[in-house]
Each structure stands twice: as structure tokens, then as C-alpha cells.
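> this one's sequence-less:
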């Protein structure tokens, strides 16, 4: 965020990402996509939450999780969530975002 270190707010971002309200969840994932990077140790805390959102029946929750994941995916998270992302590749409405994530993983 404009070059300032906001690593101190990581736990708060994760807390907002795990909210039950979609509007809060969307803001949390937006903040995570802007602030988190692949080397952040705190990302391992988000793996199960992202898995839950990827398997959600709500297409918007799965979409926002996929979009944010493409910004901060790491090899460890990619390995843990590969099966969940592969199931979304089979669903036509998520295919584009899922393929983008696999492109990010390969780099």
C-alpha cells in the first residue's frame, strides 16, 4: 500500500477474510492480494480458509478466493490447494481464473 510496510496488520486481514459476510470477505481478500506476498510466513494460516472458500457453493466466494490466490500463491500453498483448484478447472465459470493460477505457479 503505497510502499508502507503493513505486515503488522496481517492477522487483522486474515480475520476479515474469514468473515461470514461476503462484503467483509471481499475486502479481506482484496487487502490480502495487495499486501501479502509468497514469502510471508503467515500465509500458511490461510490455507484451510481458502480451501473452504474454493469449495463454497457461492460462486462469488470461490471467485474472490481464486482471484486473491493468484496474487500471493506460494509453492507450499499451491501444493496444498492443487486438488481444489483442479476441481474448479472442470467448472466452466471458474476455468479462466484457475488456469491463471496455474500459470502463476509455474513461474
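Yep, it's here. What you see is a predicted model; the values in this text were computed from it and never measured.
> Hmm, residue 80 is touching residue 46, no?
No. If you go by C-beta atoms under 8 Å, residue 80 and residue 46 don't touch, sitting 10.4 Å apart. C-beta: built from backbone N, CA, C; applies to glycine.
> Below-threshold pLDDT in the protein: ranges please.
Along the chain, the parts satisfying pLDDT under 70 run over 1-2, 91-107.
> From residue 89, how far out is the residue most central in space within it?
The chain has residue 69 as the residue nearest its centroid, 3.1 Å off, counting by C-alpha atoms, centre = their mean. Residue 69 is 14 Å from residue 89, where distance means C-beta to C-beta, to the nearest Å.
> State the number of residues packed around the closest residue to residue 58 other than its chain neighbours.
Using C-beta to C-beta, 6 or more residues apart in numbering and skipping the chain neighbours, the partner closest in space to residue 58 is residue 22 (7.2 Å). As a burial measure, residue 22 scores 13 neighbours (other C-beta atoms under 10 Å).
> Repeat that for residue 30.
With other C-beta under 10 Å as criterion, residue 30 counts 17.
> Pull out the buried residues from the helix or strand hosting it.
In the assignment (DSSP states H and E), residue 30 maps to helix 22-35. For helix 22-35, the neighbour count (16 or more other C-beta atoms under 10 Å) marks 25, 26, 27, 28, 29, 30, 31, 32, 33, 35 as buried.
> Check stretch 76-85 too.
Buried, per 16+ other C-beta under 10 Å, within stretch 76-85: 77, 78, 81, 84, 85.
> Next: stretch 35-53.
Across stretch 35-53, burial judged by 16+ other C-beta under 10 Å covers 35, 36, 40, 43, 46, 50, 51, 53.
> Against residue 76, how distant is residue 87?
The value you get for residue 87 to residue 76, if C-beta to C-beta is used, is 20 Å.
> for this structure, what spans make up the helices?
Assigned by DSSP state H, the helices in the chain fall at 10-17, 22-35, 47-54, 59-72, 75-89, 95-106.
> Could you dump these into a markdown table and include distance to residue 4?
Converted to a markdown table, the helices of the chain look like this (distance: least, C-beta to C-beta, whole Å):
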| stretch | distance to residue 4 |
| --- | --- |
| helix 10-17 | 14 |
| helix 22-35 | 10 |
| helix 47-54 | 25 |
| helix 59-72 | 18 |
| helix 75-89 | 25 |
| helix 95-106 | 25 |
